[in-house]
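Participant: predicted model follows, preceded by the sequence.
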Amino acid sequence: MRKNHIIAPSVLAADFSKLGEDLQMINNSEADWLHVDVMDGRFVPNISFGKDIVKTINKVCTKPLDVHLMIEEPERYIEDFREAGADVITFHLEATRHAHRVIQQIKDTGAKAGIAINPHTNVNQLQDVLEDVDLVCLMSVNPGFGGQKFIYQTLPKLRQLKEMCEKRNLEPYIEVDGGVGLQNAERVLQAGANVLVAGSAVFKAEKPLEVVSKLKKIGSESWV
Ligand code: DX5
Ligand code: ZN
């Protein structure tokens, strides 16, 4: 298991009537990044929010913003989200015809470039962009909604991706997004992930700070 994994709570599960407070809670937590889900109602059935909300979040949140674009033709909005404060910009392989170009476009803005794949997409499809990306996100639910059940087929995919990376001496962040919580985080990390996104598990918990702290500590007992 890799040391120092990253915890990225997903703001989609926050209470938007008191977003400021929830963001302060994240600022005071051991979270490393804040995961920000942008949905367009086309690539996924749901609509969440756009760049103005991301800009507002960035004003309050002191953690780096990990912006997950679940939108068709992400190339149309990369600069907007960078200007809004995104530190990592992740788009979906399935949402563009020009994944390689989008990666370069993201890097040109100075942000880290991430690529995400849906549960049905084989990790082999990442072979030819693996060297170019800073982050690979494996969706462990069908994107569109928080609070869904983790798809366990993600674990062998993670192992396969990890092996692909090791063979080529590459070390992108390997992020898992959807249905992650205290019940499965250890297995997800063991399978090769080093970034855990957790929405409901954090924001819907009675003691969110404790959950973040526990997620952060997983595996630390075995470190030497
Ligand atoms: C799903 C989003 C996820 C979601 C995770 O479309 O990309 O980031 O917010 O939420 P939980 O952890 O509740 O599954
Ligand atoms: Zn997400």
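Facilitator: Okay, I see it. Ligands and ions are numbered 1, 2, ... in the order given.

Participant: part of a strand, is H68?
Facilitator: Yes - counting by DSSP: H, G, I helix; E, B strand; the rest coil, H68 is located in a strand.

Participant: who's in contact with the closest residue to ligand 1 within the chain?
Facilitator: At 2.7 Å from ligand 1, G199 is the closest residue in the chain, using Cβ to the nearest ligand atom. (Each C-beta comes from the backbone N, C-alpha and C, glycine too.) Contacts here follow Cβ atoms under 8 Å, 6 or more residues apart in numbering; on that basis G199 touches P9, S10, V11, L12, A13, H35, G146, G147.

Participant: how about 6 Å then?
Facilitator: S10, L12, A13, G146 (Cβ atoms under 6 Å, 6 or more residues apart in numbering).

Participant: beta-bridge partners for whichever residue of the chain sits closest to ligand 2, please?
Facilitator: As assessed by Cβ to the ion, ligand 2 sits closest to H68 within the chain, at 3.7 Å. Beta bridges link H68 to D37, T90, judged by DSSP bridges.

Participant: from memory it sits against D37, does it?
Facilitator: Yes - under the criterion of Cβ atoms under 6 Å, H68 makes contact with D37 at 5.1 Å.

Participant: more neighbours, these two?
Facilitator: Shown here are H68 and D37; by other Cβ atoms under 10 Å, H68 has more neighbours (28 against 24).

Participant: quick check: pLDDT value at that one.
Facilitator: Note for H68: predicted pLDDT of 99.

Participant: swap in G219?
Facilitator: 87.

Participant: could you give the number of residues near it?
Facilitator: 16.

Participant: what comes into contact with the longest helix that the chain contains?
Facilitator: Counting residues, the longest helix found in the chain (DSSP state H) is helix 154-167. Helix 154-167 has contacts (Cβ under 6 Å, 6+ apart) with V123, L138, S140, A191, G192, A193.

Participant: tell me which of the residues you listed is nearest to D87?
Facilitator: A193 (19.1 Å; Cβ to Cβ).

Participant: residues contacting that closest one?
Facilitator: By Cβ under 6 Å, 6+ apart, the residues touching A193 are L158, I174, V176.

Participant: noted, bye for now.
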